[in-house]
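[1] fold the following.
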Amino acid sequence: MKYLEEPLTRPLVSVTKKYLSAFSEELEGLELERYHFVLLRIDENDELTQKALANLLHVDKSFMVNIIDYLAERGYVTREKNVKDRREQIIRLTDKARQDIPVIRTAIKRLNKKSLKNVSEEQLETYREVLNMIQANLSDSRPNIFVEYKKFEVK
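    This is a model prediction of the structure:
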């Protein structure tokens, strides 16, 4: 099988790079270069703690701290002590984040529509099923690699 001669991730990484590049162009006016999806997860969950967010995103605590620091420095989130458990911090969206979230959602919809042009529902469902099977097959492996996207210009 030819597919066994190269890592399965190679075409996925290529698509990811193209997608993120196009996504960056879609959101050029925002102060964020990455972690847009984190804002969407926070928006979908009230009273989300930093620990719960890390679990939701399948990242370790130290990486989650870096993400929250990045978003806080740009004015998108704040941390509040949980009055029920002072060891926990609740992550809250700022007004700036609430203003930009619809822009992010619209960009995602537009880019997904462009990306999936000429892909049938059946093909998309097969794609999802195959990815889920691959993920299940690798589920005994502990995820310890994080991909961090940073926008930069080549001069």
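[2] okay, and the residue positioned nearest the centre of the chain sits in which element?
    Against the mean C-alpha coordinate of the chain, by Cα atoms, centre = their mean, the closest residue is Phe37 at 3.9 Å. Using DSSP states H and E, the element containing Phe37 is helix 36-44.
[3] now swap in Lys18 and tell me
    Applying DSSP H and E, one finds Lys18 within helix 9-26.
[4] again with Ala107
    Counting by DSSP H and E, Ala107 is part of helix 95-115.
[5] what is the distance between the next helix or strand after that helix and the centre of its chain?
    Remark: after helix 95-115, the chain's next helix or strand is helix 121-137, criterion DSSP H and E. Centroid separation for helix 121-137 versus its chain: 19 Å, with Cα atoms, centre = their mean, to the nearest Å.
[6] which residues sit against helix 121-137?
    Under the contact criterion Cβ atoms under 8 Å, 6 or more residues apart in numbering, helix 121-137 has outside partners Leu8, Leu116, Val119. C-betas here are computed from N, CA, C, even on glycine.
[7] who wins for most neighbours among those?
    Within the contacts of helix 121-137, Leu116 tops the neighbour count with 13 neighbours, counted by other Cβ atoms under 10 Å.
[8] how many neighbours does the nearest residue to it once chain neighbours are set aside have?
    Excluding the flanking residues, the one nearest Leu116 by Cβ to Cβ, 6 or more residues apart in numbering is Leu124, at 6.5 Å. Leu124 has 11 neighbouring residues, counting by other Cβ under 10 Å.
[9] same thing with Ile104?
    Ile104: 20 neighbours (other Cβ under 10 Å).
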